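Student: I would like the atomic coordinates for the input below:
(2 chains)
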Amino acid sequence: MSDDLDGLLAACADGVLDADGAAALEARLADPAARRRAALWFAQERQLLDLHRGRSRRRRGRWVAAAAAGLLLAAGALAWAAWPRAELGRCDDGTAVRAGDELAAVAPRTLRLPDGSALALDAGAVLAFPGDGPPLLRAGRLEAEVRPQPAGRGFVLATPHSAIEVLGTRFSVAVADGRSAVAVERGRVRVTDRAAGWSRELLPGGACASGPQAPPLVPRDALWRVRDHDEAAPAGWTAPGFDDAGWRGGRGPFGFGAKARAVRSAIDDGAGPGRRRLTAYFRHAFAADGGGLRLRWRVDDGLVVHLNGAELLRDNMPPGPVDGSTPALRVVDDGSHRWHERSMAGVLRRGVNLLAVEVHQGSRGSTDMLLDLEAVAATDP
Amino acid sequence: MPRRTVNTSQSMPQSDAFLARYLPVQENLRAYVLALVRDPHAADDILQEVAMALWRQGDGYDPARPFLPWALGVARNHVARWRRDRARDRHRFAPAIEEGLAVAFAELECELDQRRAALHDCLERLGGRARDLLRRRYADEASLAAMAHDRGQSLNAVNKALGKVRSALLDCTGRALRREGA
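Tutor: Alright, predicted model coming up:
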């Protein structure tokens, strides 16, 4: 009995449980024995997280205060406040911070430094004071208001990926998804990416990210469901719950035409020159942790992109309603397959997201077609 | 240099009696919240609130009754508030199922510490590929999509592979506990 139930629990834990799966899981959980198995499953899930996070922390020398146990133990840690080390700053709740401490913000907190500078930590931020180096933002986000610093002795804040030299300014830093992002509101900072070696000065309004690039959410060679045998779109085809089991699978990029060198999977071009089908349809599901999305694409001739059933963008397509017989605005010369890019904040769901793309020809006589697309998570600083 | 951790939450009164009740059951609470929200980071955040709420509401607890079912009820209320605040669209269980799960977690009261020790041993016995999968998922906190990309597999395939490892671990810890009990 556990195979089927475990499969549903795994999908549930990984956020890839669809509506049918959710209904099946609920039906199974009506049985007390299944509920016990589910309780054990999630208890193990919790323990696996703890065991691996513990290993990860040891490996990286990292400590993150998060769980309730940490909260309770911290009450004991506060009694150690008499440690005779120089005070580096004081939180708005009166807690003193000294070299060697790590400040784990359970709720938003502001740390004031002796020179009047202030570091406002978001809930979840972890700021370490190593003693032999600058303050290190290990995780989360903070906003800094740094008082003007003496010439040649700028205030330095570090992240696992970068060093930020501050000359007196207001800026924010965030560490998430293995990267660091800095945005300057006022003044001037210099950001140095330790691994890549580059250094960049940011002025007000400027922002940059450092650290290794995250893998794309949807790589160019992602496996898609393709419908190219009929230019008419089935009702509801952009919806996450649409049944695309009858569509064929194929890896991007897609296309046809003599000069479409990048193409990995052919699109069926229909009945030949002058009578080619105008439109092909593509669907791809992927998991994300919510947040923003950056799309890069090349298309011949036009496309409409939908995310989770809602239109996200269109390129070289007319405004208004579009169906399978709607041509693209103009025929794209295959020598001008330029990359386009657009970032959209806060469009992703946490869990499974469904990207649906329709590619339209400019005319039935068009001799080529291309869809080359990738999507990456966009981190807002 | 010795390192201390400064937690910037509000200072709270110490309560040895509370700690004596809370510490033995925190594992059950953490797992229950994770079961309801399926987001480890959100679950950690909620658990902090639950711990603080239990501490503050300590006076409202009737020592004549079991602590864990009461604490599970408080945790469930906090999950409901978290959902309401964030208008989460992730699937949630029906109330009857959530209640049933709370009963199941309450029945595991003394079992989870033993299971944690057994799980540690079972992890040591895993093969390299299975360990790599778990490390990417739990230590690196890689998304399923990232893992699928790394391995050149579909999301579904990665989910199934992970599921098999978790099932094997659950069965392994169950066998270890039965051996100890035998």
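Student: CA atoms for contacts and neighbours, from now on please.
Tutor: Noted.
Student: which bits of the stretch 251-381 of chain A sit near chain B?
Tutor: Residues of the stretch 251-381 of chain A lying close to chain B by CA under 8 Å from any CA of the partner chain are A:286, A:287, A:288, A:289, A:350, A:351.
Student: Might one say that the second one is in contact with residue A:16?
Tutor: Yes: taking CA atoms under 8 Å as the definition, residue A:287 is a contact partner of residue A:16 at 7.4 Å.
Student: Return every residue with contacts to both of these two.
Tutor: A:351, A:352 (CA atoms under 8 Å, 6 or more residues apart in numbering or on different chains).
Student: Show me the strands in chain B, by range?
Tutor: Under the criterion DSSP state E, chain B contains strands at B:5-7.
Student: Output the below-cut-off pLDDT ranges for it.
Tutor: Residues of chain B meeting the criterion pLDDT under 70: B:1-20, B:57-60, B:85-91, B:109-110, B:180-182.
Student: tell me the centre residue of it?
Tutor: What sits nearest the mean C-alpha location of chain B, by CA atoms, centre = their mean, is residue B:31, with 2.4 Å.
Student: Skipping its backbone neighbours, what lies nearest it in space?
Tutor: residue A:43 (4.5 Å; CA to CA, 6 or more residues apart in numbering or on different chains).
Student: What helix or strand is the one you found located in?
Tutor: helix A:32-60 (DSSP states H and E).
Student: what do you get for residue A:244?
Tutor: Using DSSP H and E, residue A:244 falls outside every helix and strand.
Student: Give me the nearest residue to it, chain neighbours excluded.
Tutor: Of all residues not flanking residue A:244 in the chain, residue A:225 sits nearest, at 7.0 Å (CA to CA, 6+ apart).
Student: got the CA coordinates for whichever strand or helix holds that neighbour in PDB?
Tutor: Here residue A:225, judged by DSSP H and E, is contained in strand A:223-227. In PDB, the C-alpha atoms belonging to strand A:223-227 read as follows (Å, rounded to 0.1, in the frame of the first residue of the first chain):
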ATOM      1  CA  LEU A 223      11.700  19.000 -22.800                       C
ATOM      2  CA  TRP A 224       8.400  20.500 -24.000                       C
ATOM      3  CA  ARG A 225       5.000  19.200 -25.000                       C
ATOM      4  CA  VAL A 226       4.400  20.200 -28.600                       C
ATOM      5  CA  ARG A 227       1.300  20.500 -30.700                       C
END
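Student: buried stuff in the longest helix anywhere in chain B?
Tutor: Identified as the longest helix of chain B according to DSSP state H is helix B:155-181. By 16 or more other CA atoms under 10 Å in any protein chain shown, the buried positions in helix B:155-181 come out as B:155, B:158-160, B:162-167, B:169-170, B:172-174, B:176-177.
Student: which among those residues are in contact with chain A?
Tutor: Restricting the buried residues of helix B:155-181 to contacts with chain A (CA under 8 Å from any CA) yields B:155, B:159, B:160, B:162, B:163, B:166, B:167, B:170.
Student: Which one of those residues is nearest to chain A?
Tutor: residue B:163 (5.1 Å; CA to the nearest CA).
Student: Make sure the closest one is actually in contact with residue A:6.
Tutor: Yes: judged on CA under 8 Å, residue B:163 makes contact with residue A:6 at a distance of 6.8 Å.
Student: what sits against the residue nearest to residue A:244?
Tutor: Contacts for residue A:225 (CA under 8 Å, 6+ apart) come out as A:244, A:247, A:248, A:249, A:250, A:282, A:283, A:284.
Student: Pick out whichever of these sits closest to chain B.
Tutor: Of the contacts of residue A:225, the one sitting nearest to chain B (CA to the nearest CA) turns out to be residue A:284, at 10.6 Å.
Student: C-terminal to the host helix or strand of the closest one, what's the next element?
Tutor: Using DSSP H and E, residue A:284 sits in strand A:279-300. As assigned by DSSP H and E, the chain's next helix or strand after strand A:279-300 is strand A:302-307.
Student: what's around residue B:55, how many residues?
Tutor: 19 (other CA atoms under 10 Å in any protein chain shown).
Student: Quick check: chain neighbours aside, which residue is closest to residue A:130?
Tutor: Nearest-residue entry for residue A:130: residue A:100, 5.0 Å, with adjacent residues in sequence omitted and distances by CA to CA, 6+ apart.
Student: Quick check, the one you found in contact with residue A:134.
Tutor: No: applying CA under 8 Å, one finds residue A:100 not in contact with residue A:134, separated by 11.2 Å.
Student: my guess is the residue nearest to the centre of chain B contacts residue A:39, does it?
Tutor: Yes: the criterion here is CA under 8 Å, and residue B:31 meets it with residue A:39 at 7.5 Å.
Student: wait, residue B:177 sits on residue B:118?
Tutor: Yes: counting by CA under 8 Å, residue B:118 is a contact partner of residue B:177 at 7.4 Å.
Student: For residue A:130, give me its contacts.
Tutor: Contacts of residue A:130 (CA under 8 Å, 6+ apart): A:99, A:100, A:101, A:136.
Student: how about TSV for the contacts of residue A:225, with neighbour count and distance to residue A:143 added?
Tutor: Shown next, in TSV, are these (neighbours: other CA atoms under 10 Å in any protein chain shown; distance: CA to CA, whole Å):
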residue	neighbour count	distance to residue A:143
A:244	15	46
A:247	16	49
A:248	13	49
A:249	17	46
A:250	18	45
A:282	25	42
A:283	25	40
A:284	18	37
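Student: Taking the residues you listed, tell me the two that lie furthest apart.
Tutor: Using CA to CA, the pair of the contacts of residue A:225 lying farthest apart is A:244 and A:250, separated by 13.0 Å.
Student: so where do the helices sit in the stretch 101-250 of chain A?
Tutor: Remark: no helices are assigned in the stretch 101-250 of chain A by DSSP state H, counting those that start in this stretch.
Student: for chain B, what are the nearby residues on it?
Tutor: Near chain B, when you scan the stretch 101-250 of chain A using CA under 8 Å from any CA, you find A:101-107, A:109, A:215-219, A:223.
Student: neighbour-wise, which of the residues you listed leads?
Tutor: That'd be residue A:104 among those, by other CA under 10 Å, with 31 neighbours.
Student: For that residue, which non-adjacent residue is closest in space?
Tutor: residue A:126 (4.5 Å).
Student: What count of nearby residues applies to the one you found?
Tutor: Applying other CA under 10 Å, we find 26 residues neighbouring residue A:126.
Student: I'd say it and residue A:101 touch.
Tutor: No: the criterion here is CA under 8 Å, and residue A:126 misses it with residue A:101 at 10.4 Å.
Student: follow-up on the earlier one: if I take the longest helix of chain B and strand A:279-300, what angle do their directions form?
Tutor: Put simply, helix B:155-181 runs at 100 degrees to strand A:279-300, going by axes from the mean of the first three to the mean of the last three CA atoms, to 10 degrees.
Student: got the angle for the strand holding residue A:225 vs strand A:279-300?
Tutor: If you take the same axes, to 10 degrees, strand A:223-227 sits at 130 degrees to strand A:279-300.
Student: Show the average pLDDT along strand A:223-227.
Tutor: Confidence over strand A:223-227 (mean pLDDT, whole number) is 88.
Student: Neighbouring strands of that strand in the sheet, and parallel or not?
Tutor: Strand A:223-227 pairs in its sheet with strand A:248-251 (antiparallel), strand A:279-300 (antiparallel), by DSSP bridges.
Student: so which of these is the most packed in?
Tutor: Sort the strands paired with strand A:223-227 by mean neighbour count, taking mean count of other CA atoms under 10 Å in any protein chain shown, and strand A:279-300 sits at the top with a mean of 22.
Student: Please state the offset of that strand from the chain centre?
Tutor: Relative to its parent chain, strand A:279-300 has a centroid offset of 13 Å by CA atoms, centre = their mean, to the nearest Å.
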